[in-house]
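Peer 1: Next input, structure requested:
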Amino acid sequence: MFESLSEKLSGIFDTLTRRGALSEADVGEAMREVRRALIEADVALDVVRSFTDRVKQKAVGQEVVRSVTPGQMVIKIVNDVLVETLGSQAAPISLDAAPPVAIMMVGLQGAGKTTTSAKLAHRLTERYRKKILMASLDVKRPAAQEQLAVLGRQTGIETLPVIPGQTPVQIAKRAEETARLQGYDVVILDTAGRTHIDEPLMQEMVEIRQAARPHEILLVADSLTGQDAVNLARNFNESVGITGIVLTRADGDGRGGAALSMRAVTGKPIKLIGTGEKIGDLDDFDPSRIANRILGMGDIVALVEKAAANIDAEKAQAMAEKLAKGRFDLNDLADQLAQMEKIGGLGGIMGMLPGAGKLKEQMANANINDKTIARQRAIILSMTQKERRNPDILKASRKKRIAAGSGTKVEEVNRLLKQHRQMADMMKKMGGAAGKRGPMAKMAQMFGMGGGMPSPEEIAKLQEQAGAGSKLPPTMPKLPATPPGLNLPKGMPGGLPGLGGFNPFAKKK
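Peer 2: Alright, predicted model coming up:
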């Protein structure tokens, strides 16, 4: 979502950091470019003015920290103000009330309230072991209640049975009564929307709020809304009184202005952000980590958390034991590629690595994307178990059969086999004592290359080394050296951590 804004700001800051000293005119020119970038990202004009004024006030005459260049100091100030604009501290969903805790979802039609309700219910069930009841209060839209029931069946979450003819207020009261009698911890109220804000909608929301007395009222807003997000947030906040915001479709091509504008205009925290279409694609909104991603510093902590949530610890331990003995066959490679897909694919991982966002153009030119992983998995899955365990038996006739079965060419099969040989040698080295030291090795363990989970202190150290965190100068750290034989394009800072040795940038012969 923030890709366009991130690219523009990175270009501005690249110019600043190349200068040994900055004058007031230099800062003013940079702020004009920042202002233009924010306006193009659909940030509200008053928010843009406030943002640039605060940055300029702090940057002009700022005492330069020893060993940090003036350009880097300006970037740090921009990062600090960006974090302030986004909300300073993360504000997760509050369940601090006597059960059943009522959560009311409001917003316009099409923003994703029903899907987000199911995602939130799934999140509270999986993470906090809460017993959830979902209730659809949308009696206007055809099949709205059935849609929530279908999502409930898919996720194993209970939904309130439909009684035809009931009003939204009656449904809300019945949901609360059912939740209390049957021992539910949380009841999620999925309200109706309209294509635009009108008085009957707001009146209905107020009546539901008075009847259900929700602990949380979450405004579900589409990240692609742009400038209209400001009016939407202001109207719902003034009429209904929201406690937080949920941004949906953050994986789309929106320019990110809604996130900056809505928080600044309403003063209400953005609590959750929808990052995809799957039921588990709902994350906490952490201002400092989002700011790091906007400024191209990556989000190592989010990457580690995603790995921890999606990778089987027992499988990882079994893989570690195989690597310690120097064994790494094509079944193992297929598992590594599958794990990459689980945590967001190549694009998702690159977006969380510091500085890696600048490589997207090179990746596109080299025709490297998530389809590359899918094609390589298809090649492996077209082999017999005997061939996967012993690639040395793959001669010309077998390769032709595998290429035909996977819809690829023999050259691609040969390239994968060569890559596997390189990786097997590297994995053998990683299985020894030298591969078990350092924080990056801990991160590699998370992705199936070793046992054990990194401690909170080690994750913090990872974040620090990666340059995330507003107190650090945003310079690129030197990541571990790339293993021999794996050639990354110019500009990539060392090897790709945690990819099970997979290197999509290996030169094609």
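Peer 1: use CA for all of it now, contacts and neighbours both
Peer 2: Noted.
Peer 1: burial of the residue nearest to Leu394 when sequence neighbours are not counted, as a residue count?
Peer 2: Spatially, and ignoring its direct neighbours in sequence, Leu394 is nearest to Glu387 (6.7 Å; CA to CA, 6 or more residues apart in numbering). The number of residues packed around Glu387, counting by other CA atoms under 10 Å, is 17.
Peer 1: surely Glu387 meets Lys395?
Peer 2: No: here Glu387 lies out of contact with Lys395, judged by CA atoms under 8 Å, at a distance of 10.3 Å.
Peer 1: what touches both of those two?
Peer 2: Shared contacts of Glu387 and Lys395 (CA atoms under 8 Å, 6 or more residues apart in numbering): none.
Peer 1: so where's this protein uncertain?
Peer 2: 1-8, 10-23, 60-72, 226, 252-256, 293, 295-326, 342-370, 427-509 (pLDDT under 70).
Peer 1: Show me the domain layout of it.
Peer 2: Following automatic domain parsing, the chain resolves into domains at 3-86, 101-295, 302-465.
Peer 1: May I have stretch 266-284 exported as PDB, CA atoms only?
Peer 2: Once side chains and other backbone atoms are set aside, the C-alpha atoms of stretch 266-284 remain, and they are given as PDB (Å, rounded to 0.1, in the frame of the first residue of the first chain):
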ATOM      1  CA  THR A 266      -9.900  11.700  14.300                       C
ATOM      2  CA  GLY A 267      -7.200  11.200  16.900                       C
ATOM      3  CA  LYS A 268      -8.400   7.500  17.100                       C
ATOM      4  CA  PRO A 269      -5.800   4.800  16.700                       C
ATOM      5  CA  ILE A 270      -5.600   2.500  13.700                       C
ATOM      6  CA  LYS A 271      -5.800  -0.900  15.500                       C
ATOM      7  CA  LEU A 272      -5.700  -3.500  12.700                       C
ATOM      8  CA  ILE A 273      -4.700  -3.700   9.100                       C
ATOM      9  CA  GLY A 274      -5.900  -6.200   6.500                       C
ATOM     10  CA  THR A 275      -3.000  -7.400   4.400                       C
ATOM     11  CA  GLY A 276      -4.600 -10.000   2.100                       C
ATOM     12  CA  GLU A 277      -7.700 -12.100   1.300                       C
ATOM     13  CA  LYS A 278      -7.000 -15.100   3.500                       C
ATOM     14  CA  ILE A 279      -8.700 -15.400   6.800                       C
ATOM     15  CA  GLY A 280      -5.400 -15.000   8.700                       C
ATOM     16  CA  ASP A 281      -4.400 -11.800   6.800                       C
ATOM     17  CA  LEU A 282      -5.200  -9.400   9.600                       C
ATOM     18  CA  ASP A 283      -2.300  -7.800  11.600                       C
ATOM     19  CA  ASP A 284      -1.900  -5.400  14.400                       C
END
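Peer 1: for it, which positions count as buried?
Peer 2: For stretch 266-284, the buried set under the neighbour-count rule, 16 or more other CA atoms under 10 Å, comprises 266-276, 279, 281-284.
Peer 1: Filter the residues you listed down to just the ones in helices.
Peer 2: Members of those lying in helices (criterion: DSSP state H): Thr266.
Peer 1: I'd like to know which elements the host helix or strand of Arg36 is packed against.
Peer 2: Arg36 is part of helix 24-40 when elements are defined by DSSP states H and E. Based on contacts counted as 3 or more CA pairs under 8 Å, 6 or more residues apart in numbering; DSSP states H and E, the elements that helix 24-40 packs against are helix 3-17, helix 45-59.
Peer 1: What residues sit buried inside it?
Peer 2: Going by neighbour count (16+ other CA under 10 Å), the buried part of helix 24-40 is Val27, Ala30, Met31, Glu33, Val34, Arg35, Ala37, Leu38, Ile39.
Peer 1: Let's have the residues you listed in TSV, adding distance to Asp96.
Peer 2: Shown next, in TSV, are the buried residues of helix 24-40 (distance: CA to CA, whole Å):
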residue	distance to Asp96
Val27	45
Ala30	44
Met31	42
Glu33	44
Val34	40
Arg35	40
Ala37	40
Leu38	37
Ile39	38
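Peer 1: and which of those residues is nearest Ala424?
Peer 2: Ala37 (45.5 Å; CA to CA).
Peer 1: Would you check that that closest one makes contact with Ala30?
Peer 2: No: with contacts counted by CA under 8 Å, Ala37 stays clear of Ala30, the gap being 10.6 Å.
Peer 1: Could you report the neighbour count for Arg129?
Peer 2: Using other CA under 10 Å as the criterion, Arg129 is surrounded by 11 other residues.
Peer 1: likewise the one 10 residues further on?
Peer 2: A count of neighbours around Val139, defined by other CA under 10 Å, yields 17.
Peer 1: repeat for Glu216
Peer 2: For Glu216, the tally of surrounding residues (other CA under 10 Å) stands at 19.
Peer 1: Could you do Gly407 as well?
Peer 2: Using other CA under 10 Å, the number of residues around Gly407 comes to 12.
Peer 1: Please apply the same query to Ser88.
Peer 2: The number of residues packed around Ser88, counting by other CA under 10 Å, is 15.
Peer 1: Helix, strand, or coil at Pro142?
Peer 2: The local conformation at Pro142, judged by DSSP: H, G, I helix; E, B strand; the rest coil, is coil.
Peer 1: From Leu148, how far off is it?
Peer 2: 12 Å (CA to CA, to the nearest Å).
Peer 1: again, but for Ala424
Peer 2: Counting by CA to CA - Ala424 and Leu148 are separated by 47 Å.
Peer 1: Looking at these two, which one has more neighbours?
Peer 2: Here Ala424 and Leu148 are compared on neighbour count by other CA under 10 Å; more neighbours surround Leu148, at 24 against 21.
Peer 1: check contacts around the more buried one.
Peer 2: Applying CA under 8 Å, 6+ apart to Leu148 gives the contacts Thr114, Thr115, Ala118, Met134, Ala135, Ser136, Thr159.
Peer 1: Equivalent analysis for Arg234, please.
Peer 2: Taking CA under 8 Å, 6+ apart as the contact definition, Arg234 lies against Met262, Val265, Thr266.
Peer 1: Repeat that for Val186.
Peer 2: Val186 is in contact with Pro99, Pro100, Val101, Ala102, Ile103, Lys130, Lys131, Ile132, Leu133, Ala179, counting by CA under 8 Å, 6+ apart.
Peer 1: With adjacent residues omitted, what lies nearest to the fourth one?
Peer 2: Translated: Ala102. Take Ala102 and drop its neighbours on the chain: the residue closest to it by CA to CA, 6+ apart is Pro214, 4.5 Å away.
Peer 1: wait, doesn't the one you found sit right on Met104?
Peer 2: Yes: assessed by CA under 8 Å, Pro214 is found in contact with Met104 at 6.1 Å.
Peer 1: between these two, who's got more neighbours?
Peer 2: When Pro214 and Met104 are compared for neighbours, Met104 comes out ahead with 26 against 21, by other CA under 10 Å.
Peer 1: Restricting to C-alpha, output the helix or strand where that one lies in PDB.
Peer 2: Following DSSP H and E, the helix or strand that holds Met104 is strand 101-106. What follows is the C-alpha trace of strand 101-106 in PDB, where atoms were taken according to Å, rounded to 0.1, in the frame of the first residue of the first chain:
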ATOM      1  CA  VAL A 101     -17.300  -8.100  25.300                       C
ATOM      2  CA  ALA A 102     -19.200  -6.500  22.500                       C
ATOM      3  CA  ILE A 103     -17.300  -5.300  19.400                       C
ATOM      4  CA  MET A 104     -19.300  -3.200  16.900                       C
ATOM      5  CA  MET A 105     -18.100  -3.000  13.300                       C
ATOM      6  CA  VAL A 106     -19.200   0.100  11.300                       C
END
